[in-house]
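**Q** Sequence first, then the predicted structure, then my questions.
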2 protein chains.
Amino acid sequence: MSERVRGPVRVALLGYGTVGTEVARLLEEHATDFAARVGTSIELTGIAVRRPDRHPDVPAELLTADAASLVNDDVDVVVELIGGIEPARTLLLDALRAGKSVVTANKALLAEHGAELFAAADSSGADLYFEASVAGAIPLLRPLRESLAGDRITRVMGIVNGTTNFILSAMDSSGAGYSETLEEAARLGYAEADPTADVDGFDAASKAAILASLAFHTRVSAADVYREGIAEVTASDIAAAKTLDRTVKLLAICERVSDTENGESVAVRVHPVMLPRKHPLSSVDGAFNAVYVEADAAGELMFYGQGAGGSPTASAVLGDLIAVARNRVQGSRGSRESAYAALPVRPFAQTTTRYHISLDVADRAGVLAQVAAVFAAHEVSIAVVRQRGRAQDASLVVVTHSASDAALRATVDDVAKLDAVHQVVSVMRVEGGEP
Amino acid sequence: MSERVRGPVRVALLGYGTVGTEVARLLEEHATDFAARVGTSIELTGIAVRRPDRHPDVPAELLTADAASLVNDDVDVVVELIGGIEPARTLLLDALRAGKSVVTANKALLAEHGAELFAAADSSGADLYFEASVAGAIPLLRPLRESLAGDRITRVMGIVNGTTNFILSAMDSSGAGYSETLEEAARLGYAEADPTADVDGFDAASKAAILASLAFHTRVSAADVYREGIAEVTASDIAAAKTLDRTVKLLAICERVSDTENGESVAVRVHPVMLPRKHPLSSVDGAFNAVYVEADAAGELMFYGQGAGGSPTASAVLGDLIAVARNRVQGSRGSRESAYAALPVRPFAQTTTRYHISLDVADRAGVLAQVAAVFAAHEVSIAVVRQRGRAQDASLVVVTHSASDAALRATVDDVAKLDAVHQVVSVMRVEGGEP
């Protein structure tokens, strides 16, 4: 149990960027409402920033460059919005061990050091809330942790990174290539100066780890997540998807899988996939996020909303802040880590997915037979083949049944060596609906 | 604070229909998981049914026809799935006053007697949870109560009744009329023998009251909700919608409205509307539910899933049961009623909406001028007019700017009296997007 607060709930804010500014602004704007909702007022006691002199709009007495002192001060809740691993990790461990509640949007920290943070929270009975770490404003973690606590979740699949979704949406509309679209995204403010965390899938992988941990009551860290970014997605891939009435999305996919040999385990991966255009996730464009959840009793659920940005993220942070503040007023505590199931994480090499392969081939009889023989030799089963002649070239599109990555790669390597195959245009995983 | 439970959490189940059966089955199937999630086992101590002899599959010692005794027995949580006002109301008031936590799916009871139930819960510090009362499996109430507690919700708009959505979807696909589609829905099990609660909008109105209460921190009861069902929706309405690339849906709409004269108030209504076919709620077909939420900081959010049925509703009931059981193990308490804002409910007569009016008119010059003059006389402003000639008749479609119901009705009455107007084909409210 957290210590019961009788006066105002005292809050330290670490970080004053886009989200932090909005949090501080809304705390002031809605002070009366928030006090009524919590049962006491929320008092912002300090804001830790790197350069206090750069914020002339903030009362000087609130600002400090010394985050550690602010955390160790007389505060009840620490709101962490600085991101990255250090010093955030040390600051939050100190806060939690001292019994201070923590609200954070730091997906990377949770995905890498979640176990340590939860242990620190448990040692003192403090709350650790992190709704803003995944899918911005979309209420997603609380539904997984609480609303679906009486169900058995089997799959969580979603678009959880706005930058990559913006780039893929733009490539789909314009037909342009990856590099020029990334440049445009940066120019429009949808991609960071260093876009690595987004475009290489690190951000989505952290979020996938958090989602899988909650959905499957199992500790999943970023290192457990198979990860491919979008840098290899070509205009040809997008064009190939279009001819099949599909679209390319970067998805985070968390699955409960079971087989007779190993029993139940979880598989967590982030990579581009082709989705049927009529799939609800296909129409999620630009910087929006959407997450599908499948559970035994609930069936299919979808959550949709803004996944990033100052105001949407601040909404999630403040929802958590109100919750932990209420808990302190009541002397109670919210949901803690639930990792009892401790399911093994299945290595990606054992995960099978369906693939789409698009080939430019010679337009002559017998090509399909040759290609099919290569697939058969690697025991990759073909679900659908479409051939189309065009002048001297013909295109051949194959969608496979579930196959392992290794088998598929070996197949594609051998297919590429066939004389009749001029070019491997696109190889991509497929999700959703029938082949 | 609820009394702290040390042994198993003892649960009484009231009602053993489609949902109750699933709740009991899943409690048994997932007993080990649920115990790990709660921290102690959940024990089903009794099931109250009208006719115990009708349930040979249930151990006889669990069954009783005496719900009152079961509630007054040594139980920690009462799960109410009998529906209707009495005896549910008396049973739950007794349980809450005695400090027993309550989980209920009873939207009618909450929408009519919510204040009394919350007061009883507060008198003893017991939990009153009711996620299953609105939109079945979709986590919606917890997000409104908790995730968005740090935001300012301005609008909640959704499809919350599966029966009427099934009927309207079927009318849209088949072009058939209301009565024959209702008969088909009954035959397929999508409509009850007495469909009044669904088709006349009572069910949706109860849900709208619950949603508005949570969204606006204000007590809203079923009597505060303006309500029109779908019985008046004709094949002509659906056809008129189609020609405008729209579809007809029964929506529950909860709005925060403000004007300089009266300040802030809430408006809550349930009625059929024409929605643009590209609006996300338009593609919600059959028995599915979906709810849009708009909040100042979060922006637009959407929640989608199965709104009814044994398993989906059981998922929501069990999520609540796990939550209240956890609270009892911790000796803590979940969110209580938040009605501090106590905003006035705006009478429907003061609410303005946009309307679509479709007329069959004589195909001659000057008709539009006559019709427009009638609209002008009633100060109903026209946003769009479309005229189409066909043989001797012509059709005239008018979409208005926001107008009051009274002004619109007077306008339509006078328009119908014009010689040049052969028939008023359809009059319906419009939501979403531009006219």
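**A** Now that the structure is in, tell me what you want to look at. Numbers count the residues shown, from 1 in each chain, chains lettered A, B, ... in the order given.
**Q** give the contact list for residue A:335.
**A** A:145, A:146, B:326 (C-beta atoms under 8 Å, 6 or more residues apart in numbering or on different chains). No exception for glycine: its C-beta is placed from N, CA and C like everyone else's.
**Q** swap the cut-off to 7 Å and go again
**A** A:145, A:146 (C-beta atoms under 7 Å, 6 or more residues apart in numbering or on different chains).
**Q** Could you tell me which residues of the stretch 51-200 of chain A lie near chain B?
**A** Counting by C-beta under 7 Å from any C-beta of the partner chain, the positions of the stretch 51-200 of chain A adjacent to chain B are A:131, A:137-139, A:142-143, A:146-152.
**Q** okay, these in JSON lines with secondary structure and distance to residue A:227 next?
**A** Shown next, in JSON lines, are those (DSSP: H, G, I helix; E, B strand; the rest coil; distance: C-beta to C-beta, whole Å):
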{"residue": "A:131", "secondary structure": "helix", "distance to residue A:227": "23"}
{"residue": "A:137", "secondary structure": "coil", "distance to residue A:227": "25"}
{"residue": "A:138", "secondary structure": "coil", "distance to residue A:227": "22"}
{"residue": "A:139", "secondary structure": "coil", "distance to residue A:227": "26"}
{"residue": "A:142", "secondary structure": "helix", "distance to residue A:227": "26"}
{"residue": "A:143", "secondary structure": "helix", "distance to residue A:227": "25"}
{"residue": "A:146", "secondary structure": "helix", "distance to residue A:227": "28"}
{"residue": "A:147", "secondary structure": "helix", "distance to residue A:227": "28"}
{"residue": "A:148", "secondary structure": "coil", "distance to residue A:227": "26"}
{"residue": "A:149", "secondary structure": "coil", "distance to residue A:227": "28"}
{"residue": "A:150", "secondary structure": "coil", "distance to residue A:227": "32"}
{"residue": "A:151", "secondary structure": "coil", "distance to residue A:227": "28"}
{"residue": "A:152", "secondary structure": "coil", "distance to residue A:227": "26"}
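**Q** and of those residues, the nearest to residue A:291?
**A** Within those, proximity to residue A:291 (C-beta to C-beta) peaks at residue A:138, which comes in at 6.9 Å.
**Q** Who's the closest spatial neighbour of the closest one, skipping the chain neighbours?
**A** residue A:305 (4.0 Å; C-beta to C-beta, 6 or more residues apart in numbering or on different chains).
**Q** Chain B versus the residue of chain A most remote from its centre, what's the distance?
**A** Within chain A, the residue lying farthest from the chain centre (C-alpha atoms, centre = their mean) is residue A:365, at 45.8 Å. Using C-beta to the nearest C-beta, to the nearest Å, residue A:365 is found at 44 Å from chain B.
**Q** doesn't that residue fall inside a helix?
**A** No - counting by DSSP: H, G, I helix; E, B strand; the rest coil, residue A:365 is not found in a helix; it is coil.
**Q** where does the residue nearest to residue A:138 land in three-state SS?
**A** Going by three-state DSSP, the state assigned to residue A:305 is strand.
**Q** That one touches residue A:139, doesn't it?
**A** No - Residue A:305 lies out of contact with residue A:139 (C-beta atoms under 7 Å); the separation is 8.3 Å.
**Q** Quickly note the distance from the residue in the stretch 301-435 of chain A that chain B sits nearest to to residue A:23.
**A** As assessed by C-beta to the nearest C-beta, chain B sits closest to residue A:318 within the stretch 301-435 of chain A, at 2.5 Å. Going from residue A:318 to residue A:23 by C-beta to C-beta, to the nearest Å gives 6 Å.
**Q** And residue A:240, by the same measure?
**A** 44 Å.
**Q** Neighbour count: those two, which is higher?
**A** It is residue A:23, of residue A:240 and residue A:23, that has more neighbours when counted by other C-beta atoms under 10 Å in any protein chain shown, with 31 against 23.
**Q** returning to that earlier point: would you mind checking the residues of the stretch 51-200 of chain A next to chain B for buried ones?
**A** Neighbour counting over those (16 or more other C-beta atoms under 10 Å in any protein chain shown) leaves A:131, A:137-139, A:142-143, A:146-152 as the buried ones.
**Q** Outline the domain layout of chain A.
**A** Domain assignment for chain A by automatic domain parsing gives A:9-137+A:310-330, A:141-306, A:351-430.
**Q** Tell me who's in contact with residue A:324.
**A** Contact partners of residue A:324, counting by C-beta under 7 Å, 6+ apart, are A:77, A:101, A:103, A:127, A:129, A:334.
**Q** need the contact list for the first one.
**A** Same thing as residue A:77. By C-beta under 7 Å, 6+ apart, the neighbours of residue A:77 are A:9, A:11, A:100, A:101, A:103, A:321, A:324, A:325.
**Q** do the same with the second one
**A** The contact partners of residue A:101, taken as C-beta under 7 Å, 6+ apart, are A:2, A:76, A:77, A:126, A:127, A:324, A:328.
**Q** then the helix or strand bottoming out on mean pLDDT in chain A to CSV, C-alphas only?
**A** Sorting the helices and strands of chain A by mean pLDDT, DSSP states H and E puts strand A:382-390 at the bottom, at a mean of 83. Taking Å, rounded to 0.1, in the frame of the first residue of the first chain, the C-alpha atoms of strand A:382-390 are listed here in CSV:
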residue,chain,number,x,y,z
ILE,A,382,2.0,-23.0,-51.8
ALA,A,383,-1.4,-21.6,-51.0
VAL,A,384,-2.1,-19.4,-54.1
VAL,A,385,-0.3,-18.7,-57.4
ARG,A,386,-1.1,-16.0,-59.8
GLN,A,387,0.5,-15.7,-63.2
ARG,A,388,0.2,-12.7,-65.5
GLY,A,389,1.9,-12.3,-68.9
ARG,A,390,3.1,-8.9,-70.0
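**Q** for the residue nearest to residue A:138, which residues make a bridge with it?
**A** Taking DSSP bridges, one obtains residue A:289 as the residues bridged to residue A:305.
**Q** so where does the nearest residue to residue A:190 once chain neighbours are set aside fall, helix or strand?
**A** Setting aside the residues directly before and after it, residue A:190 is nearest to residue A:166 in space (C-beta to C-beta, 6+ apart), at 4.4 Å. Assigned by DSSP states H and E, residue A:166 belongs to helix A:162-174.
**Q** on contacts alone, who are the packing partners of that helix?
**A** helix A:178-187, helix A:196-199, helix A:235-243, strand A:246-259 (3 or more C-beta pairs under 7 Å, 6 or more residues apart in numbering or on different chains; DSSP states H and E).
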